[in-house]
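Asker: Fold the following for me, if possible:
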Amino acid sequence: MDPVRRTRTNPDMERMLRVMNALRVLDRSVPAQALACLFYVASHDGCHKQALEEDLGLTTASSSRNIARLTSAHYLGKPGMDLITKEHDTTDGKRLILRLTQRGHDLIRQIESILYG
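Answerer: Coordinates of the predicted model:
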């Protein structure tokens, strides 16, 4: 009988799998769009919601749902992931500014450690 095969053939993809598992600890069914929003905010901390929408090609409704999932209050009234905050821009109250929370910074550092050592 053949042993179950577990030979690693691509260490880069194994690291990506470890990143996905770290994210699944927070939410087992987190959508790819929400992850794209998280990584956008992580790479553009302090960005406007409109910039995220334009750069990721998201509708206002879609970005609002995904951002709500990443904040402390999920759009369905459930607890959110508490990875980002949204606040009104002091120079233009209609615009929202998105920032990583401490938990978000910690998660991004964990991801960077997995990817880059």
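Asker: tell me the pLDDT at residue 38?
Answerer: In this model, residue 38 is scored at 97, pLDDT.
Asker: Can you point out the buried residues in the host helix or strand of it?
Answerer: Residue 38 belongs to helix 32-43 when assigned by DSSP states H and E. By neighbour count on 16 or more other Cβ atoms under 10 Å, the buried set for helix 32-43 is 34, 35, 36, 37, 38, 40, 41, 42. (C-beta placed from N, C-alpha, C; glycine too.)
Asker: give the contact list for the residue nearest in space to the middle of the chain.
Answerer: Centroid-nearest residue in the chain, with Cα atoms, centre = their mean: residue 38, separated by 2.5 Å. Listed by Cβ atoms under 8 Å, 6 or more residues apart in numbering, the contact set of residue 38 reads 70, 83, 84, 104.
Asker: how does it look with 7 Å?
Answerer: Contact analysis of residue 38 by Cβ atoms under 7 Å, 6 or more residues apart in numbering lists 70, 83, 84.
Asker: which ones among those are found in strands?
Answerer: Among the contacts of residue 38, the ones falling in strands (DSSP state E) are residue 84.
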